[in-house]
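J.: Just need the structure, nothing else, for what follows:
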Amino acid sequence: MNKKKLFINTTLAGVLAFSAFSPVVFAHDALEEGVSKEAYVFDSEALQTLTHSMTGQKNLSFLREAAAVQIEKNNGVQNNMADVYAHKGFAYTGTHTANGANGGVRVFDLKDPSNPVEVAVFADEIPNTWQEKVIVKSVNTPHFKGDLAAVSLQQTSRNNANRPDSVGGVLLYDVTDPYNPERLGFYQLDRKITGTHELYLTTQGNRALVLASNPYADYYTHGEQKDFQIIDVSNPAEPELLWQWDPRELDEVAEDFNGYHWASPDGKTRPVFNHSVITDNNAQHAYVSMWDLGTVIFDIKDPENPVYLGRTDYANNQKGAAHSAALAKGGTVLIETREIANPHGAGYESAYGYTRIFDIKDKTNPVLLSEFKTDLTFDFSAPVVSFAKTVHDPKVHGNTLYLSYYSGGVLAVDITDPSNPVEIARYTPEESNVWGVFVDRNYVLASDMGQGLKVLLKNNGNGHGRN
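T.: Model (predicted):
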């Protein structure tokens, strides 16, 4: 077998740090010396207490657990799992920060979905980093033809003088043979930036592009590098920056934007940074999750000259926290998930993060259709403030929306009528801590931070091997 957020030094799903000298909130950001810390974190004991009190549901009529497999130790270290992606019958899972990070990307052969086999590890070669997100696509450019993997890379300790070999950015690998990934290139960020938090790999004709989310890049480099970047990876050995953008470039934000916080018209000081990005299938538009600025939409038909179109907005009493996005109904409906760990706050509704659904036929004017809330949204019985009850990532398959929900597991939601979303199934194993979800043919993949890869059969199917 080829076993080749953000200053986080424990198993954190995210952090909010409050500055001692200004009302600045750096969500998902560095906890630095000299800064008072009021952190909302994954407390493992508290999370276990919470999840032990929940009833595990592994055999639902719509979602049935077919397999559960823990990731193997890497260099003698047991890491924990982050996001999950699937391509051509293989699952690719990122890893988070447990036990020092450097868990790399894990590759699982899903030929037999009831028995996933870990067959490779890659992208673990840069010290003191973690690899949350991996996207794999088949690309055909003048420089490379095959299956390309783009991996987000973040330092566990930003710009640390004691860790001079640590750096963030985007690693690029040839995974045409998933058993033997080969490194092709590295798009490296300034060490003052924690790294690329999430990313998306897409194609435009014979061109391959990475869209990268680099939280606080503009702030840390004084504008030299920016939060949202579009990188040409047509030649993976020589990635090239095409364009970059920072929220202070919006006229409605610029005058009231200071230290990466926005004095919004509702009188609140709101955190704004790039957490995540996706595109539609033909890479015509980018959807950028900019926390309390909402989901920002760009026309990227010309990736050297994208055009800002519009963004989602919030009620005055809502925390924004636009975390991730997905598209439905041929790209005319936007799903926006909001990761809120602290369910309370002066001037805000008491609620964990929930999902909002928008009509985006007119991308300059997203229209809110509905808000999907669950029993988790208003359950404040957790022993500590944590990410256990908030929604995390969305994926859409046909008229079904799949949501990863940490201790809630995976929820399936019927969005045939996006104005009236209805929960139709829930998979909640004991001690659930589900980070990501991905739909692949007749099964749903869930990445559980503590328990590894879960394979869930849907529609009472029996699973199928690779096509």
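J.: going forward, measure contacts between C-alpha atoms and count neighbours the same way
T.: Fine.
J.: What segments of the stretch 1-150 of the chain are helices?
T.: Using DSSP state H, counting those that start in this stretch, the helices of the stretch 1-150 of the chain run over residues 44-52.
J.: Below-threshold pLDDT in it: ranges please.
T.: 1-61 (pLDDT under 70).
J.: in it, which spans are strands?
T.: 16-18, 25-27, 63-69, 81-87, 90-95, 105-109, 117-122, 129-130, 134-140, 145-155 (DSSP state E, counting those that start in this stretch).
J.: Tell me the helices and strands packed up against the helix or strand immediately after the longest one in the chain.
T.: Once strand 145-155 ends, the next helix or strand along the chain (criterion: DSSP states H and E) is strand 169-174. Under the contact criterion of 3 or more C-alpha pairs under 8 Å, 6 or more residues apart in numbering; DSSP states H and E, strand 169-174 touches strand 145-155, strand 182-188.
J.: how about 10 Å then?
T.: The contact analysis (3 or more C-alpha pairs under 10 Å, 6 or more residues apart in numbering; DSSP states H and E) places strand 169-174 against strand 134-140, strand 145-155, strand 182-188, strand 198-204, strand 207-213.
J.: Which positions within the first one qualify as buried?
T.: Same thing as strand 134-140. 134, 135, 136, 137, 138, 139, 140 (16 or more other C-alpha atoms under 10 Å).
J.: Pull the contacting residues for the fifth one.
T.: Contacts here follow C-alpha atoms under 10 Å, 6 or more residues apart in numbering; on that basis residue 138 touches 87-88, 144-149, 175-176, 202-203, 208.
J.: Distance check, it against residue 202.
T.: 9 Å (C-alpha to C-alpha, to the nearest Å).
J.: any common contacting residues for the two?
T.: residue 208.
J.: Quick check: residue 85 touching residue 133?
T.: Yes - using C-alpha atoms under 10 Å, residue 85 is in contact with residue 133, at 8.4 Å.
J.: where do the contact lists of those two overlap?
T.: With C-alpha under 10 Å, 6+ apart, residue 85 and residue 133 have common neighbours 92, 93, 94, 436.
J.: Now for those residues, which sits with the most neighbours around it?
T.: For the shared contacts of residue 85 and residue 133, the largest number of neighbours (other C-alpha atoms under 10 Å) sits with residue 436, at 30 neighbours.
J.: List the beta-bridge partners for that residue.
T.: residue 447 (DSSP bridges).
J.: That one contacts residue 445, doesn't it?
T.: Yes - counting by C-alpha under 10 Å, residue 436 touches residue 445, with 8.1 Å between them.
J.: Residue 202 - nearest residue in space that isn't next to it in sequence?
T.: The shortest distance from residue 202 to any non-neighbouring residue, by C-alpha to C-alpha, 6 or more residues apart in numbering, is to residue 209 (5.3 Å).
J.: quick revisit: reformat the shared contacts of residue 85 and residue 133 into TSV and put distance to residue 165 next to each item.
T.: Supplementary listing: these in TSV, determined by distance: C-alpha to C-alpha, whole Å:
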residue	distance to residue 165
92	25
93	24
94	21
436	29
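J.: if we can go back for a sec, would TSV of the helices and strands packed on strand 169-174 with distance to residue 255 be doable?
T.: Below are the helices and strands packed on strand 169-174 laid out as TSV (distance: least, C-alpha to C-alpha, whole Å):
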stretch	distance to residue 255
strand 134-140	36
strand 145-155	30
strand 182-188	31
strand 198-204	28
strand 207-213	23
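J.: just so I know, which of the ones you listed lies nearest residue 70?
T.: strand 134-140 (18.2 Å; C-alpha to C-alpha).
J.: what's the angle between that closest one and strand 90-95?
T.: Taking axes from the mean of the first three to the mean of the last three C-alpha atoms, to 10 degrees, one finds strand 134-140 and strand 90-95 inclined to each other by 140 degrees.
J.: Around the nearest residue to residue 160 once chain neighbours are set aside, how many other residues sit close by?
T.: Computed as C-alpha to C-alpha, 6+ apart, the closest residue to residue 160 that is not its neighbour in sequence is residue 166, at 7.9 Å. Residue 166 has 21 neighbours, counted by other C-alpha under 10 Å.
J.: Compile the strands of the stretch 1-150 of the chain into JSON lines and extend it with columns for distance to residue 194.
T.: Below are those laid out as JSON lines (distance: least, C-alpha to C-alpha, whole Å):
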{"stretch": "strand 16-18", "distance to residue 194": "15"}
{"stretch": "strand 25-27", "distance to residue 194": "13"}
{"stretch": "strand 63-69", "distance to residue 194": "30"}
{"stretch": "strand 81-87", "distance to residue 194": "17"}
{"stretch": "strand 90-95", "distance to residue 194": "16"}
{"stretch": "strand 105-109", "distance to residue 194": "19"}
{"stretch": "strand 117-122", "distance to residue 194": "20"}
{"stretch": "strand 129-130", "distance to residue 194": "10"}
{"stretch": "strand 134-140", "distance to residue 194": "17"}
{"stretch": "strand 145-155", "distance to residue 194": "5"}
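J.: So which of these is nearest residue 266?
T.: strand 25-27 (17.0 Å).
J.: Strands along the stretch 301-450 of the chain, start to end?
T.: Applying DSSP E, counting those that start in this stretch to the stretch 301-450 of the chain gives strands spanning 307-311, 322-328, 333-338, 355-359, 367-372, 394-397, 400-404, 410-414, 422-427, 434-440, 443-448.
J.: right, and those strands - which one's nearest residue 75?
T.: Here strand 443-448 is closest among these (C-alpha to C-alpha), at 20.9 Å.
J.: could you give me the average pLDDT of the closest one?
T.: Average pLDDT, strand 443-448: 96.
J.: Let me know the angle separating it from strand 422-427.
T.: Using the same axes, to 10 degrees, strand 443-448 lies at 60 degrees relative to strand 422-427.
J.: Report the angle between strand 443-448 and strand 81-87.
T.: 160 degrees.
J.: Adding distance to residue 231, write the strands of the stretch 301-450 of the chain out as JSON lines.
T.: Output for the strands of the stretch 301-450 of the chain, formatted as JSON lines (distance: least, C-alpha to C-alpha, whole Å):
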{"stretch": "strand 307-311", "distance to residue 231": "16"}
{"stretch": "strand 322-328", "distance to residue 231": "20"}
{"stretch": "strand 333-338", "distance to residue 231": "24"}
{"stretch": "strand 355-359", "distance to residue 231": "28"}
{"stretch": "strand 367-372", "distance to residue 231": "30"}
{"stretch": "strand 394-397", "distance to residue 231": "24"}
{"stretch": "strand 400-404", "distance to residue 231": "28"}
{"stretch": "strand 410-414", "distance to residue 231": "32"}
{"stretch": "strand 422-427", "distance to residue 231": "37"}
{"stretch": "strand 434-440", "distance to residue 231": "25"}
{"stretch": "strand 443-448", "distance to residue 231": "28"}
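J.: Now do the nearest residue to residue 408 once chain neighbours are set aside against residue 434, distance only.
T.: Closest residue to residue 408 apart from its sequence neighbours, by C-alpha to C-alpha, 6+ apart: residue 428 at 5.7 Å. Computed as C-alpha to C-alpha, the residue 428 to residue 434 distance reads 9 Å.
J.: joint contacts of these two?
T.: 405, 406, 407, 408, 409, 410.
J.: can you pull the contacts of the residue lying closest to the first one once chain neighbours are set aside?
T.: Excluding its sequence neighbours, the residue lying closest to residue 405 (C-alpha to C-alpha, 6+ apart) is residue 391, at 4.6 Å. Residues near residue 391 by C-alpha under 10 Å, 6+ apart: 323-324, 337-341, 352-355, 373-374, 376-377, 403-411, 434-435.
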